[in-house]
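>>> Here you go, sequence then predicted model.
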Amino acid sequence: MRLLGGYPVPDPRCRPGGANPSITFDVLRDPAWLTRSVRNCEASEVQKHIAYGWCGIQKPRHNSNQNQVCELDHLVPLGLGGADGLGKIWPQCGPDDVTLNQRYFKKKDHVENYLADQVNCTRRRKK
């Protein structure tokens, strides 16, 4: 396992990411499409927790609300066509000495949301 700033970084050899071939660019641009239609189809939320062990991380005991220090996330975001299988999930953690919105996984969420908005804007601009 590689570390960056003391936190695990997904190893592309065991977490290659991956796209869902059924999610085309047209699907991503459809304002009615939601990620929940593909979430937990390949693996359940409970099954995904095995990723902590794969990365040598103990699952945090109290990991919700303001105490959340880790998030199981997709290497390639679902909202950008990523696949939902176990090999695509990794625990993003920390740091725990900052507010929830400043944790790495929350900052990455902002980037993912921005990119998804850019995909949606493409459709609006072409009309």
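The structure has been received and is ready for your questions. It should be emphasised that the depicted structure is a prediction, and the values quoted were computed from it without experimental measurement.
>>> What is the burial count for the nearest residue to Cys41 once chain neighbours are set aside?
With sequence-adjacent residues excluded and distances taken as Cβ to Cβ, 6 or more residues apart in numbering, Cys41 is closest to Asp84, at 5.9 Å. Yep, even glycine has a C-beta here, placed from its N, CA and C like the rest. If you count neighbours by other Cβ atoms under 10 Å, Asp84 ends up with 19.
>>> Stretch 97-117: which residues count as buried?
Buried positions in stretch 97-117, judged by neighbour count with 16 or more other Cβ atoms under 10 Å: Arg103, Tyr104, Phe105, Asp109, Glu112, Ala116.
>>> got TSV for the residues you listed, with distance to Ala43 too?
Listed next are the buried residues of stretch 97-117 as TSV, based on distance: Cβ to Cβ, whole Å:
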residue	distance to Ala43
Arg103	24
Tyr104	23
Phe105	19
Asp109	20
Glu112	20
Ala116	22
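>>> Could you single out the nearest of those to Trp54?
The shortest gap between Trp54 and any of the buried residues of stretch 97-117 belongs to Phe105, at 17.3 Å (Cβ to Cβ).
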